[in-house]
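# output the structure for:
(one chain, ligands or ions: 1)
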Amino acid sequence: MIGYNKLSYVDLHTGKVELKDVDEELAYGFIGGRGWAAYILFKELDNIIDGLHPSNVLVVATGPLTAVPFQSGGKTTFAAISPQTGIYGDSNVGGFFGYRMRRAGIDALVIKGASPQPVYLLVANGKVEICDAEKLWGLNSQETDAKLVREYGNCSVASIGIAGERLVKFACINVDWSRKGMRHGQAGRTGMGAVMGSKKLKAIVVMGDKDVKIADEERLKEAAIKLQRMVEGSAGYEAWRRYGTLATLEWSNKVECLPTYNFQKTVFEYAENIGGDAMQKVKVFTRACSNCIIPCEHVVRFKLEEEGEIGVEYETAAMLGSNIGLRSFEEVAKANYLCDYYGLDTISTGSVLAFIMECYQRGLVTEKELGLAPKWGDIEAVCKMINMIAKREGFGDLMAEGVKALAERIGKGSEAFAMHVKGLEISAYDHRAATAMALSYATCDIGAHHNRSWAIIYDLEVGRDKYTEDKVKKVIYLQHIRPLFDMLGVCRIYWEEFGIDPNIYAEAYSAVTGKEFTLDDLLFRSERVWNLTRAIAIIRKGISIKDDLLPERDFSDPVVGRYTSGAKLDRDKFIEMLKIYYTLRGWDELGRPTPEKLMKLGLEEAARKLYGGD
Ligand code: SF4
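Numbering: from 1, shown residues only. Okay, here's the model as predicted:
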């Protein structure tokens with residue numbers, strides 16, 4: 001099938017590896033990336049016991065625009081039932097991993113079972129091999145990456161650190177750590193590193209030099225030239241190349257949505273020390289993903305006892321900066337480095353640390369229990385706690401379970417400021433004065449994650465405290481278009497930030513496959529995937545309106561800011577907004593896709609599973 005390669009099914013328990021052709025239903029019905037992950041996981045659902053059980057299935061999927069001559073096509077989705085939430089989880093990473101996997105002739109890996117001893121996968125030119133990783137177990141990702149690169153040369157490596165090996169629920173997967181010229185990235189969210197750890201899968205090495213067959217090379221070239229002109233001609237181009245995502249920090253502080261001291265405040269008095277301008281002073285170079293003309297990873301050097309280099313993104317600077325009170329860029333860079341070193345998601349780690357700090361501030365936990373005094377802004381305590389989490393030492397064993405489990409254990413009212421939805425820690429935008437952003441977090445299919453619907457800009461445009469149907473429509477649109485980038489295997493930054501007309505992606509997909517698709521056709525498929533992940537959440541955890549809510553802090557603890565002071569969410573109006581969301585989606589009052597809706601989307605099997613019948 002033109003535009004697609006093969007799927008590889010790997011059973012780590014039996015050692016069996018199979019190559020399968022991509023069929024039309026999967027290719028054109030679910031496109032790739034997260035679409036494929038949802039489809040495959042739904043098919044396997046009955047056999048999966050839980051996130052860390054060998055029966056869980058890890059899907060590693062590129063998209064049809066990965067590794068073709070089109071900008072930013074270097075994205076890969078890692079997906080499984082999340083050990084953090086118990087529902088569908090995924091995380092997306094850039095760099096060169098996806099590019100090399102597609103050039104190895106493999107579009108997706110479907111990894112089942114668990115190996116009795118540590119292994120890594122070698123994916124090279126159409127073959128997948130299970131190799132012994134005894135000598136790699138116990139190493140961090142940087143060492144693992146360096147060793148495997150020494151052995152295989154021109155390859156990419158996705159690996160886990162100690163946190164993944166020890167099944168920390170928010171362990172991440174590091175990609176391409178040890179190379180200077182290649183973007184080092186993480187599949188950070190929903191604990192995919194722990195899934196690899198539970199399978200004793202230390203790393204995946206990919207290498208290949210096959211060209212991906214394209215139906216109409218000339219048409220794709222024209223689309224790529226058009227896209228390049230749009231990016232280079234846009235007002236934001238230079239700023240993105242200079243600051244990357246970090247320019248957002250000063251902006252968040254200005255508009256008062258910067259999580260500070262575990263969302264107790266939305267303005268940080270030291271924001272200028274940890275934002276884009278502070279980063280410029282310690283920046284040493286920039287890096288890009290494959291086929292990208294916007295090198296947005298800015299690598300900084302820090303020297304605090306030891307020296308290191310790391311690329312810091314906005315979410316990390318906020319969650320491991322203002323949210324835990326760190327006051328200098330070097331301190332943030334060091335905390336970021338430690339998380340990457342061990343393989344921990346920086347958003348969830350920042351939230352866990354902030355939660356413990358607030359519990360300590362309120363006298364709900366003691367120095368004796370914790371083995372240290374977790375004071376706001378204390379870098380020494382921060383580093384110690386990251387160590388404890390990664391190694392599951394002392395109180396770190398409980399912290400490694402995430403904010404939800406911590407609050408359940410500590411109790412004493414701490415649940416009110418445990419900042420998570422469905423078990424996934426909320427990312428770095430306060431939403432008490434941003435109702436569309438609040439709805440985005442509440443309804444996100446993997447738990448509270450900003451990336452599915454970054455609606456806060458719309459809140460600012462139309463009125464932050466309004467609970468309108470227009471906002472609901474905007475959230476739904478964003479929840480379809482933003483995940484579409486993950487299905488195609490391209491970077492989502494190539495869109496609104498540069499004023500790019502998204503029809504270009506339908507044009508590119510049509511050129512690659514030789515079949516005609518409009519943007520609406522693609523959005524329909526993205527809506528299908530959104531409903532499928534919702535069906536998975538209902539089947540696995542009985543998710544309903546009771547789970548689409550936000551922490552109590554959002555409704556009862558007003559923002560302490562300069563302009564937004566006193567803002568909090570109105571519970572009744574928010575629930576009303578949620579009900580409008582369900583209606584517009586074609587879901588019932590509990591938040592279940594109706595049988596009619598599922599049939600309309602071509603999800604007959606999901607309808608059968610949810611409602612029975614033939
Ligand atoms: S814009 Fe940044 S994240 Fe996107 S492809 Fe380029 S380097 Fe990667």
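# the most centrally placed residue in the chain: what's it in contact with?
The centroid of the chain falls nearest to S91 when counting by C-alpha atoms, centre = their mean (3.7 Å). Going by C-beta atoms under 8 Å, 6 or more residues apart in numbering, S91 touches 77-79, 172-173, 186-190, 192. Yep, even glycine has a C-beta here, placed from its N, CA and C like the rest.
# just F417 next, same as before
By C-beta under 8 Å, 6+ apart, the residues touching F417 are 262-264, 355, 358, 551-553, 557.
# tell me how far it lies from the ligand.
Counting by C-beta to the nearest ligand atom, to the nearest Å, the gap from F417 to the ligand is 32 Å.
# A194 now?
From A194 across to the ligand, the span is 24 Å (C-beta to the nearest ligand atom).
# is it true that that residue touches C172?
No - here A194 lies out of contact with C172, judged by C-beta atoms under 8 Å, at a distance of 9.0 Å.
# so what sits against both of those two?
163-164.
# for M207, the count of nearby residues, please.
Counted with other C-beta atoms under 10 Å, residues neighbouring M207 total 18.
# same question but for E269, I mixed them up
E269 has 12 neighbouring residues, counting by other C-beta under 10 Å.
# residue ranges of the helices in the stretch 201-350 of the chain, please?
217-232, 237-243, 247-254, 271-274, 276-282, 314-319, 329-342, 346-361 (DSSP state H, counting those that start in this stretch).
# surely N253 touches G275?
Yes - assessed by C-beta under 8 Å, N253 is found in contact with G275 at 7.4 Å.
# what residue in the stretch 101-250 of the chain comes nearest to the ligand?
Nearest to the ligand in the stretch 101-250 of the chain, going by C-beta to the nearest ligand atom, is R183, at a distance of 5.4 Å.
# ok, that residue touching G95?
Yes - assessed by C-beta under 8 Å, R183 is found in contact with G95 at 4.7 Å.
# returning to what we had before: now the residue nearest to the centre of the chain, nearest residue through space, not along the chain?
A187 (3.8 Å; C-beta to C-beta, 6 or more residues apart in numbering).
# all strands of the stretch 1-150 of the chain, in order?
6-11, 17-21, 58-61, 76-81, 88-93, 106-112, 119-124, 127-132 (DSSP state E, counting those that start in this stretch).
# count of residues packed around E250?
Number of residues near E250 (other C-beta under 10 Å) recorded here: 18.
# residues contacting it?
E250 neighbours (C-beta under 8 Å, 6+ apart): 271-272, 275-277.
# which among the residues you listed count as buried?
Buried by 16 or more other C-beta atoms under 10 Å: 271, 275-277, out of the contacts of E250.
# before we move on, back to that, and the residue nearest to S91, how far is that from A61?
12 Å (C-beta to C-beta, to the nearest Å).
# got any residues that touch both of these two?
76-77.
# with neighbour numbers in mind, choose between the two.
The residue with more neighbours, out of A187 and A61, is A61; 33 against 25, by other C-beta under 10 Å.
# now that one: closest residue in space, sequence neighbours ignored.
Per C-beta to C-beta, 6+ apart, closest to A61 is A108, 3.9 Å.
# how much space between that neighbour and P483?
In terms of C-beta to C-beta, A108 sits 17 Å off from P483.
# gap between the two ends of stretch 575-593?
18 Å (C-alpha to C-alpha, to the nearest Å).
# give me the mean pLDDT for that stretch.
Average pLDDT, stretch 575-593: 98.
# what's the answer for stretch 51-64, then?
Stretch 51-64 comes out at a mean pLDDT of 98.
# run the chain-centre distance for it.
14 Å (C-alpha atoms, centre = their mean, to the nearest Å).
# could you pull out the helices in the stretch 51-200 of the chain for me?
Listed in chain order, the helices found in the stretch 51-200 of the chain under DSSP H, counting those that start in this stretch are 97-103, 141-152, 162-165, 192-198.
# quick one, which of these is nearest to K375?
K375 lies closest to helix 162-165 among the helices of the stretch 51-200 of the chain, at 23.8 Å (C-beta to C-beta).
# run the chain-centre distance for that closest one.
Relative to where its chain is centred, helix 162-165 has its mean C-alpha point 18 Å off (C-alpha atoms, centre = their mean).
# nearest to I504, out of the helices of the stretch 51-200 of the chain?
Here helix 97-103 is closest among the helices of the stretch 51-200 of the chain (C-beta to C-beta), at 19.6 Å.
# which positions in the longest helix that the chain contains come out as buried?
Criterion DSSP state H: the longest helix present in the chain is helix 519-541. Residues 519, 522-523, 525-540 are the ones in helix 519-541 that count as buried (16+ other C-beta under 10 Å).
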